[in-house]
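A.B. asks: Kindly generate the corresponding structure for this input.
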Amino acid sequence: MEAKQIMLVCAAGMSTSLMVNKMQKAAEDRGLAARIFAVPVPEAAEYLANEQVDVLLLGPQVRYLLDDFKEKTAEKGIPVEVIPMTDYGMMKGDKVLDLAESLIG
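C.D. replies: Purely as a prediction, here's the structure:
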């Protein structure tokens, strides 16, 4: 089974890198093959152009970019959603992974 590519987009990357670690742990616990990575907003377009991405999750701090990213990903059919503030703030990697999986289908 090919690993799911889960991209998180954030402002700077500090807290989001913690979320990536929590999500990776949750994926390992579930036996889910996933590559979870975070990129800052300025690098996101390049990643989308050059990488296979199955789902894109925005950190709550960049939720204002949701419509922009939905436009950028529509052609490729990549689902985009904002990570809920409570799950992000409490670093609930399992809940954020649930969200990613539900969007991938």
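A.B. asks: Helices of the protein, residue ranges please.
C.D. replies: 14-30, 41-50, 66-74, 85-89, 93-104 (DSSP state H).
A.B. asks: Point out the most buried one among those.
C.D. replies: With neighbours taken as mean count of other CB atoms under 10 Å, these reach their highest mean count in helix 93-104, at a mean of 19. (Glycine included, C-beta is placed from N, CA and C.)
A.B. asks: I'd like the mean pLDDT over that one, please.
C.D. replies: Helix 93-104 comes out with an average pLDDT of 97.
A.B. asks: just checking, what packs against that helix?
C.D. replies: strand 4-10, helix 14-30, strand 55-58, helix 85-89 (3 or more CB pairs under 8 Å, 6 or more residues apart in numbering; DSSP states H and E).
A.B. asks: strand partners of the third one, parallel vs antiparallel please.
C.D. replies: The strands beside strand 55-58 in its sheet (DSSP bridges) come out as strand 4-10 (parallel), strand 80-82 (parallel).
A.B. asks: Could you say which one of the helices and strands packed on helix 93-104 comes nearest to residue 71?
C.D. replies: strand 55-58 (12.1 Å; CB to CB).
A.B. asks: Turn the strands paired with strand 55-58 into JSON lines, columns for mean neighbour count and mean pLDDT.
C.D. replies: Listed next are the strands paired with strand 55-58 as JSON lines, based on neighbours: other CB atoms under 10 Å; pLDDT from 0 to 100:
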{"stretch": "strand 4-10", "mean neighbour count": "23", "mean pLDDT": "95"}
{"stretch": "strand 80-82", "mean neighbour count": "20", "mean pLDDT": "98"}
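A.B. asks: I'd like those strands as TSV, with distance to residue 47 appended.
C.D. replies: Output for these, formatted as TSV (distance: least, CB to CB, whole Å):
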stretch	distance to residue 47
strand 4-10	6
strand 80-82	13
